[in-house]
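Colleague: Quick one, what's the 3D model for this:
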Amino acid sequence: MRSIALAAALVVAMGGSAFAQAASCKAQATEKKLAGAALNSFMKKCQTDAAKTCDTSASEKKLSGAAKTSFTKKCVTDAVGT
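Modeller: Numbers count the residues shown, from 1 in each chain. Next comes the predicted model:
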C-alpha cells in the first residue's frame, strides 16, 4: 500500500498535466465574460473535456489504481482552475 501512495506522489510531483500549456477553464470563462447559464454550460463542458483528456493521458502513461486517480484528479483540477 505504501508503494502505491509513493508512486502516486511521484506522479503528482512530476506534474505532466495535459493542460499545462492551456489556459484554465475558469480563465477562459472570465476572458469570454460568461455568466449565468452560459458560464455553467461552458464550465461543465470544459470539465468533461478535461476529464477525458486527463484520463487518456493517464492511460498513455500506463498509470493505474491510486496513481491514475491522483494524476487524473490533479490534472482536471489544474485544467479547470480554482
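Colleague: Name the nearest residue to Glu31, ignoring sequence neighbours.
Modeller: The shortest distance from Glu31 to any non-neighbouring residue, by C-beta to C-beta, 6 or more residues apart in numbering, is to Ala23 (7.4 Å). The way it works is simple: take the backbone N, C-alpha and C, and place the C-beta from them, glycine included.
Colleague: for the one you found, phi and psi?
Modeller: Torsion angles at Ala23 (phi, psi; degrees, to the nearest 10) stand at phi -70, psi 150.
Colleague: How about Thr53?
Modeller: According to degrees, to the nearest 10, Thr53 has phi -60, psi -40.
Colleague: distance of it from Lys61?
Modeller: Separation of Thr53 from Lys61 (C-beta to C-beta, to the nearest Å): 13 Å.
Colleague: rewinding a little: so the residue nearest to Glu31 touches Thr30, yeah?
Modeller: No - counting by C-beta atoms under 8 Å, Thr30 is not a contact partner of Ala23; they are 9.4 Å apart.
Colleague: Run a quick neighbour tally on the residue nearest to Glu31.
Modeller: Around Ala23 there are 13 other residues, counting by other C-beta atoms under 10 Å.
Colleague: before we move on, what about Val80?
Modeller: 18.
Colleague: same question, Ser24
Modeller: Neighbours of Ser24 (other C-beta under 10 Å): 17.
Colleague: Quick check: it vs Gly65, distance?
Modeller: Taking C-beta to C-beta, one finds Ser24 at 27 Å from Gly65.
Colleague: Cys54 now?
Modeller: Cys54 is 16 Å from Gly65, where distance means C-beta to C-beta.
Colleague: ok, the two, which is more surrounded?
Modeller: Taking other C-beta under 10 Å, Cys54 and Gly65 do not tie; Cys54 has more neighbours (24 against 10).
Colleague: Could you tell me the per-residue confidence at the residue lying closest to the more buried one once chain neighbours are set aside?
Modeller: Nearest residue to Cys54, sequence neighbours excluded (C-beta to C-beta, 6+ apart): Cys75, at 3.5 Å. What the model reports as pLDDT for Cys75 is 96.
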